[in-house]
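Asker: My questions concern the predicted model and sequence given below.
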Amino acid sequence: PTYVELILGMPGETYASFRDGISRLLEAGAHDAIFLHKGVVLPNTEMDYPEYRAEHGIQTKMVPATLTHSTTKEGDVRENEELIIGTKTMPPEDWKAASMFGSVLQACHILRLTQVPAIYASACEGLPYGELYEGLIDFARRHPETLMGAELKRTEAVVEQALDGMGFDVVLPEFSTIVWPPEEASFLKI
């Protein structure tokens, strides 16, 4: 078995190259484990150099580090990380779109809510995975009254919350007091 780890927000990446890269991975059969990490600038790395940031137009936001599957309470001391929210080739609006695409793909395909019909649509009908999941996002936006529409809206709120410097934490009291990543929260709600 294999798995793939991708980082969102790397210099040179565009929304289209991010979407198409994931689509190619799915076409190659990587249906079970694609992990999408948010890019962060780490101290004392090349990406942290002012010249590198300027060359690639790196835009960041300090956010609390996500402590997936942990329980946090008021007063806890949290570490922060410098989240990449835009580059010269992927401005913040495209970063948000890529983040949404990644969350929907993980919740629906990797966690198997739509995996079998998506594989069928690709293999038998020739529908590219990128188009399929962009279509699902478009449907959800046009139909906010649906469960998928409500989850897309909640996930968009989480992305905005992160851009406001509050991080990606999602707690679903009906399931527990632990912190879920947005895609796992959507999976649970759907």
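Answerer: Everything's here; your move.
Asker: Going along the chain, name the helices of this structure.
Answerer: For the chain, the helices defined by DSSP state H occupy 15-27, 50-56, 92-105, 115-125, 129-142, 147-163, 182-189.
Asker: so which of the ones you listed gets nearest Glu81?
Answerer: helix 147-163 (10.7 Å; Cβ to Cβ). C-beta coordinates here come from the backbone N, C-alpha and C atoms, glycine included.
Asker: From Met148, how far off is Phe139?
Answerer: To Met148, Phe139 is 7 Å away according to Cβ to Cβ, to the nearest Å.
Asker: The helices of the chain: which one's closest to His69?
Answerer: Nearest to His69 among those is helix 182-189 (8.7 Å), distances taken as Cβ to Cβ.
Asker: CA atoms only: put that closest one into PDB for me.
Answerer: Taking C-alpha atoms only, helix 182-189 is exported to PDB below (Å, rounded to 0.1, in the frame of the first residue of the first chain):
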ATOM      1  CA  PRO A 182     -12.500  20.200   8.600                       C
ATOM      2  CA  GLU A 183     -12.700  17.200   6.200                       C
ATOM      3  CA  GLU A 184     -13.200  14.700   9.000                       C
ATOM      4  CA  ALA A 185     -15.900  17.000  10.600                       C
ATOM      5  CA  SER A 186     -17.700  17.100   7.200                       C
ATOM      6  CA  PHE A 187     -17.400  13.300   7.000                       C
ATOM      7  CA  LEU A 188     -19.000  12.900  10.400                       C
ATOM      8  CA  LYS A 189     -21.800  15.400   9.700                       C
END
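Asker: That one vs helix 147-163, what angle?
Answerer: If you take axes from the mean of the first three to the mean of the last three Cα atoms, to 10 degrees, helix 182-189 sits at 150 degrees to helix 147-163.
Asker: which other helices and strands contact helix 182-189?
Answerer: helix 92-105, helix 147-163 (3 or more Cβ pairs under 8 Å, 6 or more residues apart in numbering; DSSP states H and E).
Asker: Switch those helices over to JSON lines; also include distance to Ala16.
Answerer: Formatted as JSON lines, the helices and strands packed on helix 182-189 follow (distance: least, Cβ to Cβ, whole Å):
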{"stretch": "helix 92-105", "distance to Ala16": "9"}
{"stretch": "helix 147-163", "distance to Ala16": "19"}
